[in-house]
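**Q** build me a model:
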Amino acid sequence: MIRLNFYSIFILFFILSSCSVDNGNFVINKKDYKDKLEGFWLGQSIANWTGIITEMDKIGIPTNGKGEGFYTRKNWDGKDEPNIWSNSSRYSTIDFNLAKSDSVWGSDDDTDIEYMYQELILENDNLRLRPNQIRDGWLKHISKEEENFLWVSNQKAFDLMQEGVLPPETSNPKNNQFYEMIDAQLTTEIFGLYSPNYPGIGLSMAYLPIRTVARENAAWISEFYIIMHSIASIETSHKNIKGKVFWMSEQARKVLPNASYSAKMFDYVKSKYESGISWEQTRDSLNYKYQINNEDGYNWSKIDRSCNGCFAAGINFGASIISLFYGEGDFKETIKIATLCGWDSDNPASTWGGLLGFMYGSKEIKKMFDLELSSSYNIHRTRVGFNKPIDDFESMAEKGLLIIDKVVKRKYNGVVKNNKWIFDKSPTRYTSDFVDEKPEIDSPPPE
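**A** A predicted model of the protein is given here:
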């Protein structure tokens, strides 16, 4: 029994800490970080394909008589209902949707643009992609004639690129009416993992990729996720994953302007969680406050007549915070709640599946399921023009390490030595060593 407790404590310490501090330096073991990056891709894929089952099944306010109401926890393991565009469902049951070891994970819009940005950074040897590099990458790897798996703001930005418009003008509200849709949230979280412990660097790297498709609240929300991913590497004194995740969310909250509806949504969901009511009651309350009553200046349910703002960044951010708090750091529970919460359910599920997958690591995620999972990834399901149509999570993680090597040497003034990253420990706005300075949210950070 003593040995079991010691082992449990050791595993928890390993999960909560991906780096150590030595004489004022951060020291991160690249082997450990590689497992975490593999966990990011695996966790994201598990959550993405689980969330796809219920994507747009339930959006609260019906559109054309479809999508009314919401699922509850009682619907897990139950029958899946058609989404708002279909008369039948291709899935029989709401449950974890897993790719076995002899199968392949398919790419989707929740993972494929991140994959593309990773390739573009390495191909161009540039940590801050330029407008023309982003445009050229999009035009090369996104199909123009066949199904391209783009929606709302991503699709509009792609159309504008084909007309010769460069980012960030592709998200200018004058050009792109979908500038506050969900798109940037699902394409940029990975930049936080490229900047372990220093979210400001990740925000700088992601500034233009975010504003390729997003402005205002949609951009700030994307930055919120990047910050959480970046500081997940910081060693803290929290006793469990729940405590650390909650701390991370509080640090990331600092990037949301207090007057914004995104900040108010975060605070509202947090208050409801702390009140002790169920996640279903909080979700219903969120829907009433923002979708029906349009409080705090949130009116996308009225502006978007196609599905009452079902793709909007705001309401899906609110739903994601519900699954974050009520999931309490538990990988499976967080994905279950995200999958059942409504609207664009595969997006919040993918975001937290990736983050928690990173925090737990690939080895630990695999232990949570009773079958051997695939590590193969078919990027050509949704994108085109890559040298390796069927990739694998290990190779994808190794490419992430190459990018971080560049970040450590070029941005952190650190070194790569003995398969470790070593760089100075300095206070930042988004850590416990809080520096009271206004974050850059309206203009690009300096080069």
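
**Q** max-length helix in this protein?
**A** When the chain is parsed with DSSP state H, its longest helix is helix 30-51.

**Q** residues in contact with the most centrally placed residue in the chain?
**A** Using CA atoms, centre = their mean, the residue of the chain that lies closest to the mean C-alpha position is residue 351, 3.1 Å off. Residues near residue 351 by CB atoms under 8 Å, 6 or more residues apart in numbering: 44, 47, 110, 185-186, 189, 225, 320. Yep, even glycine has a C-beta here, placed from its N, CA and C like the rest.

**Q** returning to that earlier point: tell me the buried residues in the longest helix of the chain?
**A** Taking 16 or more other CB atoms under 10 Å as the neighbour-count basis, helix 30-51 is seen to contain the buried residues 30, 32-51.

**Q** got phi/psi on the residue nearest to the centre of the chain?
**A** With angles defined as degrees, to the nearest 10, residue 351 sits at phi -60, psi -50.

**Q** what residues are up against residue 34?
**A** 394, 397-398, 401.

**Q** give me the subset of these lying in helices.
**A** Those of the contacts of residue 34 lying in helices (DSSP H): 394, 397-398, 401.

**Q** which of the residues you listed are buried?
**A** For the ones in helices among the contacts of residue 34, buried by 16+ other CB under 10 Å: 397, 401.

**Q** so what's the residue count around the nearest residue to residue 386 once chain neighbours are set aside?
**A** Excluding its sequence neighbours, the residue lying closest to residue 386 (CB to CB, 6 or more residues apart in numbering) is residue 379, at 5.4 Å. By other CB atoms under 10 Å, 23 other residues sit near residue 379.

**Q** please apply the same query to residue 243.
**A** 15.

**Q** from residue 266, how far out is it?
**A** Counting by CB to CB, to the nearest Å, the separation of residue 243 from residue 266 is 18 Å.

**Q** please apply the same query to residue 133.
**A** Counting by CB to CB - residue 133 and residue 266 are separated by 33 Å.

**Q** who's more crowded, these two?
**A** residue 266 (24 against 17).

**Q** ok, that one - contacts?
**A** 224, 249, 253, 256, 317-318, 321 are the contacts of residue 266 under CB under 8 Å, 6+ apart.

**Q** against residue 399, how distant is it?
**A** As judged by CB to CB, residue 266 and residue 399 stand 32 Å apart.

**Q** ditto for residue 229
**A** 17 Å.

**Q** more neighbours: which of those two?
**A** More neighbours surround residue 229 than the other of residue 229 and residue 399, with 27 against 16 (other CB under 10 Å).

**Q** name the nearest residue to the more buried one, ignoring sequence neighbours.
**A** Closest to residue 229 by CB to CB, 6+ apart is residue 192, at 2.8 Å.

**Q** I figured that neighbour hits residue 233, correct?
**A** No: the pair residue 192 / residue 233 is not scored as a contact, 9.2 Å apart, by CB atoms under 8 Å.

**Q** and residue 70, what does it touch?
**A** Contacts for residue 70 (CB under 8 Å, 6+ apart) come out as 58, 60, 280, 283-284, 287, 340-342.

**Q** of those residues, which belong to helices?
**A** Mapping the contacts of residue 70 onto helices (DSSP H) picks out 280, 283-284, 340.

**Q** so which pair among those is furthest apart in space?
**A** Using CB to CB, these span at most 12.4 Å, a distance reached by 284 and 340.

**Q** just the strands in this structure please.
**A** Under the criterion DSSP state E, the chain contains strands at 19-22, 25-29, 105-106, 376-378, 390-392, 415-417, 420-424.

**Q** can you list these in JSON lines and add mean neighbour count and mean pLDDT?
**A** Formatted as JSON lines, the strands of the chain follow (neighbours: other CB atoms under 10 Å; pLDDT from 0 to 100):
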{"stretch": "strand 19-22", "mean neighbour count": "14", "mean pLDDT": "63"}
{"stretch": "strand 25-29", "mean neighbour count": "19", "mean pLDDT": "96"}
{"stretch": "strand 105-106", "mean neighbour count": "22", "mean pLDDT": "98"}
{"stretch": "strand 376-378", "mean neighbour count": "19", "mean pLDDT": "99"}
{"stretch": "strand 390-392", "mean neighbour count": "17", "mean pLDDT": "99"}
{"stretch": "strand 415-417", "mean neighbour count": "13", "mean pLDDT": "98"}
{"stretch": "strand 420-424", "mean neighbour count": "19", "mean pLDDT": "97"}
